[in-house]
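Asks: with the input below, show me the fold.
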Amino acid sequence: MNATGIAAAAPCIYYPDTNKSRSGHMADNVHCAHILVKTQQEAAAVLDRIKRGDSFQKIASEKSLCPSGKRGGDLGTFGRGRMVREFETASFALGKGEVSQPVKTQFGWHIIKRLE
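Replies: Now for the predicted structure:
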């Protein structure tokens, strides 16, 4: 994670053989927010705004295609098996307060922030 709380270049670090996050222990649940957009270019622009210090919640309410955007992107707490694999992998690999690189799923491109 860099000084702005953005995860490193890979979407997230994940150890599939152990189901452990980079902290070395398994999380049962995570609390995340996300911003869903259609294209990789839109996701990159959103991430740039976050890196410049714009509010994640404000961007989510302005840009996210998901109904959660009205709540600042807050998805609440969820456990494993509740989200599509790419989203789950990225979410569980983030540390508290970290923001992912763009994550592609069948729904579009996500920028994910782990809240707890």
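
Asks: quick one: contacts of the helix or strand hosting residue 58?
Replies: Element membership for residue 58 (DSSP states H and E) is helix 56-63. Helix 56-63 has contacts (Cβ atoms under 8 Å, 6 or more residues apart in numbering) with 33-35, 37, 42, 46, 49-50, 68-70, 72-74, 99, 113. C-betas here are computed from N, CA, C, even on glycine.

Asks: just the angle between the following helix or strand past that helix and helix 56-63, please?
Replies: Downstream of helix 56-63, the next assigned helix or strand under DSSP H and E is strand 74-79. If you take axes from the mean of the first three to the mean of the last three Cα atoms, to 10 degrees, strand 74-79 sits at 110 degrees to helix 56-63.

Asks: buried sites along strand 74-79?
Replies: Judged by neighbour count (16 or more other Cβ atoms under 10 Å), strand 74-79 contains these buried residues: 74-75, 78.

Asks: out of the contacts of helix 56-63, which are buried?
Replies: 33-35, 37, 42, 46, 49-50, 68-69, 72-74, 99, 113.
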